[in-house]
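> Sequence first, predicted coordinates after that:
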Amino acid sequence: MKKHRKLKLLFILFIVFLNLLVLFRVRIKALREGTPVVYMTVSAPKEDTFQVYYTTPGGELSEELCASSAYTCPSQKSELSFQLPCMNLVTRIDLGSANQKVEIYDLYMVVDGQTTKLDITSKDGLNCSGISNIEKNGEATTFTITDEDPYFYGYFDYDALVAQYAKVNRPVNIVWAFIICVLLNLIALYALKHFDALVDVPIEIFQNRKLAFSLSKSDFKTKYAGSYLGIIWAFIQPVVTILVYWFVFQVGLKSGGVTGVPFVVYLVSGIVPWFFFSDALTGGMNSMVEYSYLVKKVVFNIDILPFVKVVSAMFVHIFFILFALLLNSAYGYFPGFYTIQIVYYVICNFVLVLGLAYLCSAVVVFFRDLGQFINIVVLQVGVWMTPIMWNAQAMLPPWLLLIFKANPMYYIVDGFRDALIYRQWFFGHNKLLWTIYFWAFTFLLFGFGNMIFRRLKVHFADVL
């Protein structure tokens, strides 16, 4: 009981910290809408392609971190748009091909309903290359392009936009922060009331960790025992799935990159955590049925069986994380300091699927149809409801995007891409509220699954 009291004290301190974080750090509205969009109204004598390169502070420019837009109306004014990820800076704007005059009438970015303009010229002049004869003619600024790679530099300060919105909408932010704190505290009170029951299973897993890891290794080896290729089959199926998706979308449907990122990089970075979620949930859900001979043994602690299945799926997951790192490196996205976050998102995925495994493994013993429901609705439909093969931020309106983000796997998939591609922290202001939501949802799910498992496990041996 003393250990439980210490855990309760740590839990209370954590809730206090979350309350302070919400009240003083979270900028509510900035987290609810889509990604920045750059708009540029131009006129040029011929069709061309204009580009916006982007990077984080201190980052390097590359062909992968680029958004393009086609100009198809020669000698006419046309508004081009460039969908960007949540980057802090826009550092370079490319103006098309050489030997032509380009007129720019407007250049601005919209983030969260707030608009900020980029001055094409300033008192310090224009930091540019391949451009001459810069003239201001009424609303337009005219450039004469002199070489094959014309561009100019500038930036939008995303933090300043968020601060601007927060200042204008401070009363709304305070109301939202208050609502979030009330919900957090209600969840915390419920958890404290049932605290001893909620921590019993995690404590038992920790106490039997050696046995659990031993069974996980055995489970991984025996899953493919008897086949000629053995555990190699565990890696073949996901690789074939990736190849099929790549062929259908990039070769068959001719889809290009996503926000300047090669499609295969975008796909693999998002599908790797989904493979683990799918494999671990399927195995954990069927753990009681598969290990029925252990469930019927009075002396065996069956609480560790879903944990065994989830850990067993982790072995393949580690391989595919390394595969994703190698693939990204081949395309120029080398591991960096932000890549450390993968460990955090693996923990997120592990806790989420473990909570679902305890819930489903308990219910499926009495209601076998649940297994079919999970395979069809959660896994087959869920892989498309989670933006793994498509870009939700570019394709969905803000209100619908908010609904999609309620899916906890969206947070994990997006987080893997932040760690491997976009280089953003999970505690940044544009993800902090989302992080708090994810963990509140995950802990509630884990607690509910734990409670159902404890209440039903006394009947497992009778049914099985």
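Yep, it's here. Worth saying up front: this structure is predicted, and the values here are computed from it rather than measured. Residues are numbered from 1 along each chain as shown.
> going forward, measure contacts between C-alpha atoms and count neighbours the same way
Noted.
> Let me see the residues that make contact with stretch 129-144.
For stretch 129-144, the surrounding residues in contact (Cα atoms under 8 Å, 6 or more residues apart in numbering) are 99-106, 120, 145-152.
> gap between the two ends of that stretch?
Stretch 129-144 stretches 11 Å from its first residue to its last (Cα to Cα, to the nearest Å).
> List phi and psi for His194.
As for His194, its main-chain torsions (degrees, to the nearest 10) stand at phi -110, psi 30.
> burial measure for it, as a count.
Residues near His194, counting by other Cα atoms under 10 Å, number 12.
> Distance of it relative to Ile304?
Counting by Cα to Cα, the gap from His194 to Ile304 is 20 Å.
> Same check on Phe263?
Distance from Phe263 to Ile304, by Cα to Cα: 39 Å.
> Between the two, tell me which one has more neighbours.
Comparing Phe263 with Ile304 by neighbour count (other Cα under 10 Å), the higher total belongs to Ile304, at 22 against 19.
> What does the pLDDT read for the more buried one?
pLDDT, Ile304: 86.
> Start the count at 240 instead of 1 going forward.
With the count now opening at 240, the last piece we talked about shows up as Ile543.
> State the distance from it to Leu564.
Ile543 sits 31 Å away from Leu564, going by Cα to Cα.
> And for Asn689?
For Asn689, the distance to Leu564 - Cα to Cα - is 34 Å.
> Okay, buried residues for stretch 695-703 please.
For stretch 695-703, the neighbour count (16 or more other Cα atoms under 10 Å) marks Lys696, Phe699, Ala700 as buried.
> residue ranges for the strands of the stretch 290-439 of the chain, please.
For the stretch 290-439 of the chain, strands defined by DSSP state E, counting those that start in this stretch occupy the ranges 305-310, 317-322, 328-333, 339-350, 353-356, 367-368, 370-376, 379-384, 390-392.
> Let me know which of those is the nearest to Met553.
For Met553, the closest of the strands of the stretch 290-439 of the chain is strand 305-310, at 34.2 Å, according to Cα to Cα.
> tell me the average confidence for the closest one?
Here the average pLDDT along strand 305-310 is 82.
> Next, the angle strand 317-322 makes with that strand.
For strand 305-310 against strand 317-322, the angle by axes from the mean of the first three to the mean of the last three Cα atoms, to 10 degrees is 160 degrees.
> what separates strand 305-310 from the chain centre, distance-wise?
Put simply, strand 305-310 sits 25 Å off its chain's centre (Cα atoms, centre = their mean, to the nearest Å).
> list the buried ones in that strand?
Of the residues in strand 305-310, those buried (16+ other Cα under 10 Å) are Cys305, Ala306, Ser307, Ser308, Tyr310.
> Can you get me a residue count around Leu249?
12.
> What of Pro647?
Neighbourhood size, Pro647 [other Cα under 10 Å]: 20.
> So the closest residue to it other than its chain neighbours versus Leu671, what's the distance?
Excluding the flanking residues, the one nearest Pro647 by Cα to Cα, 6 or more residues apart in numbering is Phe677, at 6.0 Å. Distance, Phe677 to Leu671, using Cα to Cα: 10 Å.
> low-scoring pLDDT stretches of the stretch 390-539 of the chain, where are they?
Filtered on pLDDT under 70, the stretch 390-539 of the chain yields the residue ranges 393-412, 415, 436, 464-469, 489, 491-499, 537.
> Check which helix or strand the residue nearest the centre of the chain maps to.
Geometric centre of the chain, nearest residue: Asp653, 1.3 Å, by Cα atoms, centre = their mean. Secondary structure from DSSP states H and E places Asp653 in helix 647-656.
> Which neighbouring elements make contact with that helix?
Contact partners of helix 647-656 among helices and strands, from 3 or more Cα pairs under 8 Å, 6 or more residues apart in numbering; DSSP states H and E: helix 502-524, helix 580-603, helix 671-695.
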